[in-house]
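Asks: all I have is the shape, not the residue letters:
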């Protein structure tokens, strides 16, 4: 017998008891479905078994790990349903093998509460007509009703490569060619076998809440959000989609859509060419934005906003250079200098100063200064002293002339309330973020949030002497601020700029990996550190010495030319 500590109480279970059996007993105590357990300080799937004494915690769909598990399992459900519907009749279409020309479903981007997906036949994108989407949704619902088990197999890595080569799944085969681990895990559902990054629910019966919604050339696979039993409403984000789709199309034109493709480039010694091409492409995009601004002389105020670690500071410098090349004179203004005095700062629910809320900015003063500048008056702008917590007036007065542009960077830049007293035609709003278009493979996408987190880990260690555990502990609070103050306004931007670099994961790996290995197993952040290390393990390393000094990546790894 094994002694498990559950909710502080000790219970005896026979060795070999599936965690799913134990979870069923405790499920009535939880409003959300139990999808995983933490056992002996490790996440375990419910079809695993008790192996000895230890503490047992239940992980529900409301937690980050549980939410990811749910999304992953529904994605497998969708793939298995598509395989059942479109599997070829010849021998190449059996047991997970793809025949030439077989219709498949590809996961492209993460948007809001879902994944944007497309039907593909070879490399061709097929129209996602309503009938085909409903057919796929109906097959998924059928598999849910049958409550089929999700099976897990551990196979030799070399056998996985051979298997996916036989399936004509080059995205998977190239991913595993560079794996150092001798074995990998494959999952099987309804005769469809595939690799997925991370854990799975034990059966299709757990996947009741999802929807397929036609969108653009494909459809959205939509998941629950706050209420784990109800599918979230899908709100189209056309500007965000176009920005991500543009980057994905560029990646495909370079022959790099997945980490396996990127590893091939690195192993072939072609990475420096790819770096130079993307930096050139990005500079051209920044130049196009500057040209847009210069094309309308009424646009005197450029507002730049984006989530943490998007590269806003470097982008602002590079945009200013391009504006100068257009014959304009940019003047940088930081919203931080318009903070209200410390004693007037609003408090959050914990009684701490809430520096990220809109009310932490002296909106009236900001609008007055900007309005007077537009009127041609000389204005003395404040400088916020973060040591004393008060504004100071020690700058020389600023007066703008024809050709002058104010470049304002801050998290509230897209919120119209920030500059509501200014004419709309005088403003040009830019939303920037690291919208990762590189996927692990055709079913497993890289999270844009993870890309920014890698950047922040590296920057915090370099500039703030903050270790990885501290950065990981603060990240959920940072994310809550973004959800409240930035993301709701992103579609208000006049233009979106994607700062994600197709080569950055291999570069950041060299810096982030040792930081993450320093997180102690006993820390609450160890689980997240372990997950991030697994992502880094997919990519071959690339030394950072050859990265250009004006690259956005230099804002995080250091060595840039903008003194950030």
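Replies: That came through fine. As the structure is a prediction and not an experimental result, all values here were calculated from the model.
Asks: next, count neighbours for residue 343.
Replies: Residue 343: 8 surrounding residues under other C-beta atoms under 10 Å. C-betas here are computed from N, CA, C, even on glycine.
Asks: how near is it to residue 387?
Replies: Computed with C-beta to C-beta, to the nearest Å, the distance linking residue 343 and residue 387 is 15 Å.
Asks: need the helix or strand of this protein with the lowest average pLDDT.
Replies: Scoring the helices and strands of the chain by mean pLDDT, DSSP states H and E places strand 124-126 at the bottom, with a mean of 87.
Asks: grab the nearest non-local neighbour of the residue nearest the centre of the chain.
Replies: Closest residue to the average C-alpha location of the chain: residue 448 at 1.9 Å, with C-alpha atoms, centre = their mean. Nearest residue to residue 448 in three dimensions, chain neighbours excluded: residue 436, at 4.8 Å (C-beta to C-beta, 6 or more residues apart in numbering).
Asks: ok, now which ones touch the one you found?
Replies: Residue 436 sits next to 445-448, 450-451, 500 when contact means C-beta atoms under 8 Å, 6 or more residues apart in numbering.
Asks: can you rerun that using 6 Å?
Replies: Residues near residue 436 by C-beta atoms under 6 Å, 6 or more residues apart in numbering: 446, 448, 451, 500.
Asks: per-residue pLDDT of the second one, please?
Replies: Right, residue 448. Among the per-residue scores, residue 448 shows a pLDDT of 91.
Asks: so it makes contact with residue 437?
Replies: No - counting by C-beta atoms under 6 Å, residue 437 is not a contact partner of residue 448; they are 9.1 Å apart.
Asks: re earlier: and of the contacts of residue 436, the nearest to residue 484?
Replies: Closest approach to residue 484 among the contacts of residue 436 (C-beta to C-beta): residue 448, at 17.7 Å.
Asks: OK, contacts around the closest one?
Replies: 434-436 are the contacts of residue 448 under C-beta under 6 Å, 6+ apart.
Asks: contacting residues around stretch 12-27?
Replies: For stretch 12-27, contacts defined as C-beta under 6 Å, 6+ apart pick out 1-4, 34, 37, 46, 48-50, 202.
Asks: buried ones in that stretch?
Replies: Going by neighbour count (16 or more other C-beta atoms under 10 Å), the buried part of stretch 12-27 is 13, 17-20, 22-23.
Asks: show me the strands in the stretch 451-564 of the chain, by range?
Replies: 495-498 (DSSP state E, counting those that start in this stretch).
Asks: make that the stretch 151-300 of the chain, sorry
Replies: 151-156, 183-189, 192-194, 211-215, 218-222.
Asks: tell me the most buried of these?
Replies: Greatest average neighbour count among the strands of the stretch 151-300 of the chain goes to strand 218-222 (a mean of 24), per mean count of other C-beta atoms under 10 Å.
Asks: sheet partners, orientation included, of that strand?
Replies: Paired neighbours of strand 218-222 in the sheet (DSSP bridges): strand 114-121 (antiparallel), strand 211-215 (antiparallel).
Asks: quick one: closest of the ones you listed to residue 464.
Replies: Nearest of the strands paired with strand 218-222 (C-beta to C-beta): strand 114-121, 34.1 Å.
Asks: most neighbours among the contacts of residue 436, please name it.
Replies: Of the contacts of residue 436, with other C-beta under 10 Å as the count, residue 500 tops at 26 neighbours.
Asks: residue contacts, it?
Replies: By C-beta under 6 Å, 6+ apart, residue 500 lies in contact with 434-436.
Asks: residues near the closest residue to it other than its chain neighbours, how many?
Replies: Excluding its sequence neighbours, the residue lying closest to residue 500 (C-beta to C-beta, 6+ apart) is residue 434, at 4.3 Å. For residue 434, the count of nearby residues is 24 (other C-beta under 10 Å).
Asks: thought residue 434 was touching residue 499?
Replies: Yes - between residue 434 and residue 499 there is a contact under C-beta under 6 Å: 5.0 Å.
Asks: so what sits against both of the two?
Replies: residue 310.
Asks: what's the burial count for residue 520?
Replies: Residue 520 has 9 neighbours, counted by other C-beta under 10 Å.
Asks: and it, how close does it get to residue 454?
Replies: 20 Å.
Asks: same thing with residue 527?
Replies: Residue 527 sits 17 Å away from residue 454, going by C-beta to C-beta.
Asks: ok, those two, which is more surrounded?
Replies: Legend: neighbour count by other C-beta under 10 Å for residue 527 and residue 454, higher for residue 454 (25 against 19).
Asks: distance check, the residue nearest to that one when sequence neighbours are not counted against residue 487.
Replies: Residue nearest to residue 454 in three dimensions, not counting chain neighbours: residue 508, with 4.7 Å by C-beta to C-beta, 6+ apart. Distance of residue 508 to residue 487, computed by C-beta to C-beta: 23 Å.
Asks: ok, now residue 143?
Replies: Separation of residue 143 from residue 487 (C-beta to C-beta) stands at 33 Å.
Asks: looking at those two, which is more packed in?
Replies: Using other C-beta under 10 Å as the criterion, residue 143 and residue 487 rank with residue 143 on top: 20 against 17.
Asks: the helix or strand hosting residue 303 pairs with which strands, and in what direction?
Replies: Residue 303 belongs to strand 301-305 when assigned by DSSP states H and E. Counting by DSSP bridges, the strands paired with strand 301-305 are strand 404-409 (parallel), strand 427-433 (parallel).
Asks: so, low pLDDT: which residues of the stretch 51-200 of the chain?
Replies: By pLDDT under 70, the weakly predicted segments of the stretch 51-200 of the chain are 88-101.
Asks: all helices in the stretch 201-350 of the chain, in order from the N-terminus.
Replies: 238-253, 259-267, 271-294, 312-325 (DSSP state H, counting those that start in this stretch).
Asks: now swap in the stretch 1-150 of the chain and tell me
Replies: Going by DSSP H, counting those that start in this stretch, the stretch 1-150 of the chain shows helices at 19-26, 64-86, 130-145.
Asks: what residues does the longest one touch?
Replies: What it means is helix 64-86. By C-beta under 6 Å, 6+ apart, helix 64-86 touches 35-36, 59-61, 102-103, 105, 136, 139-140, 143, 189-190, 192, 196, 198-201, 204, 207, 210, 223.
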